[in-house]
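Chemist: Sequence isn't available, so here's the structure alone:
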């Protein structure tokens, strides 16, 4: 909330844009961890193409754990893990709601398929 106190006295001609205010608001309310986790899940759904066959997703310490319903599909995705991680991180880099400088829940470092 300290960041918002600084803004309170900002003259109108120096007003901040929404692209600056939204990340500050998210950090002030301590929503970054939950929001970033949901954005990582959205990145998986968008990039992998197997959202319909994904049973469970769990994210902690840069590792995305994904349970896939089909063992054949899972073995096919095993070979694409580095490309999937890179594509998810590119997706997150472009995502305006993803808080990039949040240390606890950041970019995907490893993908673990179950």
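Modeler: The structure has been received and is ready for your questions. All values reported here derive from a predicted model rather than from experimental measurement. Residues are numbered from 1 along each chain as shown.
Chemist: which other residues reach the longest helix along the chain?
Modeler: Determined from DSSP state H, the single longest helix within the chain is helix 32-48. For helix 32-48, the external contacting residues (Cβ atoms under 8 Å, 6 or more residues apart in numbering) are 26, 51, 54, 57, 59, 64, 66, 77, 84, 87-89, 91-92, 95, 97-99, 102, 104-106, 108. For the C-beta atoms, the positions are set from N, CA and C on the backbone; glycine is no exception.
Chemist: what about residue 97, helix or strand, and which?
Modeler: If you go by DSSP states H and E, residue 97 is not part of any helix or strand.
Chemist: State the next helix or strand along the chain beyond the lowest-mean-pLDDT helix or strand in the chain.
Modeler: When each helix and strand of the chain is scored by mean pLDDT, DSSP states H and E, helix 2-8 comes last, with a mean of 56. On the C-terminal side of helix 2-8, the closest following helix or strand by DSSP H and E is helix 18-28.
Chemist: Tell me what angle that following helix forms with helix 32-48.
Modeler: On the basis of axes from the mean of the first three to the mean of the last three Cα atoms, to 10 degrees, helix 18-28 is oriented at 120 degrees to helix 32-48.
Chemist: helices or strands next to helix 18-28 in the packing?
Modeler: Using 3 or more Cβ pairs under 8 Å, 6 or more residues apart in numbering; DSSP states H and E, the elements in contact with helix 18-28 are helix 2-8.
Chemist: coming back round to it: the contacts of helix 32-48 in helices, which ones?
Modeler: Among the contacts of helix 32-48, the members falling in helices (DSSP H) are 26, 77, 84, 87-89, 91-92.
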